[in-house]
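> predicted coordinates and the sequence they were generated for:
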Amino acid sequence: MLLEDTLLRGFEKLNISADARAMERFRVYYEYLEEKNAVMNLTAISGEKDVAELHFLDSAALLNMLPGLEGKSVVDVGTGAGFPGLVLKILCPEVKLTLLDSLDKRIAFLRECCEKLGFEDVNCVHARAEEAPKEFRESFDVAVSRAVARLNVLSELCVPFVRPSGTFAAMKGPDCAGETAEAKNAVAALGGRIERTELYTIPGTEVSHAAVIIKKTGVTAGKYPRRWAQIKKAPLL
């Protein structure tokens, strides 16, 4: 099948292993995404090849930048239809995953999808990042996000979830150097440090993306994150 063939070729190039159960789960995920996308507008990307490359392989590439995820707690902030978090869970089932999104219809989709995938341990939470449950604060080993906000804004929303010595990985476009430089002081104010930016090309395509890796070096001040209106009006600089 086109989906499976595209994924297997891509995983080989990424040096990522996927067993038969993982491949079955990608098929179930794809088919349910296509079914619900017809009525819910979850993603503009459709079709086996495009979903395999632009969603599944793009998300999977993050595994090479976050080694040793087994057994770690991961929160995917603004997860949408489950990218990259649910892909990481399929490839690394030992991950303790929380999917966070502000739209209830997306969370309803993700809960149903996780049930179909046989994941009873994925926590799907309907909340805005800045209004997430207090117990989430500095409780995750890793935060990931493929959201479109600029890095200084995204960092204020995501870094507070990460415990000291943990990691935040922000998936970005390839031309993110200016955005990353702009966010340096903001990340420091949040108790983090921009460690590196890793560029990669999605296998089978000419599409290049980047992952900005931020290490949590201290505790985030209690005043962060601020309310969304404040963040939007006066982003950290």
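Alright, I've got the coordinates. For clarity, every value in this text was computed on a predicted model and none was experimentally measured. Numbering: from 1, shown residues only.
> for the protein, just list every one of the helices.
2-14, 20-40, 48-51, 58-60, 85-91, 104-117, 151-158, 177-189, 228-233 (DSSP state H).
> want to throw the ones you listed into TSV with mean neighbour count, mean pLDDT and distance to Thr197?
(Glycine included, C-beta is placed from N, CA and C.) Compiled in TSV, those are given as follows (neighbours: other CB atoms under 10 Å; pLDDT from 0 to 100; distance: least, CB to CB, whole Å):
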stretch	mean neighbour count	mean pLDDT	distance to Thr197
helix 2-14	17	98	18
helix 20-40	16	97	28
helix 48-51	17	98	26
helix 58-60	24	98	16
helix 85-91	25	98	19
helix 104-117	17	98	28
helix 151-158	25	98	10
helix 177-189	17	97	6
helix 228-233	13	96	23
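> now distance to Thr220 too, for those helices, in TSV please.
Below are the helices of the chain laid out as TSV (distance: least, CB to CB, whole Å):
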stretch	distance to Thr220
helix 2-14	32
helix 20-40	33
helix 48-51	35
helix 58-60	26
helix 85-91	21
helix 104-117	25
helix 151-158	9
helix 177-189	9
helix 228-233	14
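> residues touching Ser73, list them.
By CB atoms under 8 Å, 6 or more residues apart in numbering, the contact set of Ser73 is 95-96, 98, 139-142.
> Met171: which of the helices of the chain is closest?
helix 58-60 (7.6 Å; CB to CB).
> what helices and strands are in contact with the closest one?
In this structure, helix 58-60 makes packing contacts with helix 2-14, helix 85-91, judged by 3 or more CB pairs under 8 Å, 6 or more residues apart in numbering; DSSP states H and E.
> and the shortest one, C-alpha only, in CSV?
These are the backbone C-alpha positions of helix 85-91, laid out as CSV (Å, rounded to 0.1, in the frame of the first residue of the first chain):
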residue,chain,number,x,y,z
GLY,A,85,2.8,13.7,19.7
LEU,A,86,0.7,10.8,18.5
VAL,A,87,3.2,9.8,15.9
LEU,A,88,5.9,9.7,18.6
LYS,A,89,3.6,7.5,20.7
ILE,A,90,3.1,5.0,17.9
LEU,A,91,6.8,4.7,17.3
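> thank you, goodbye.
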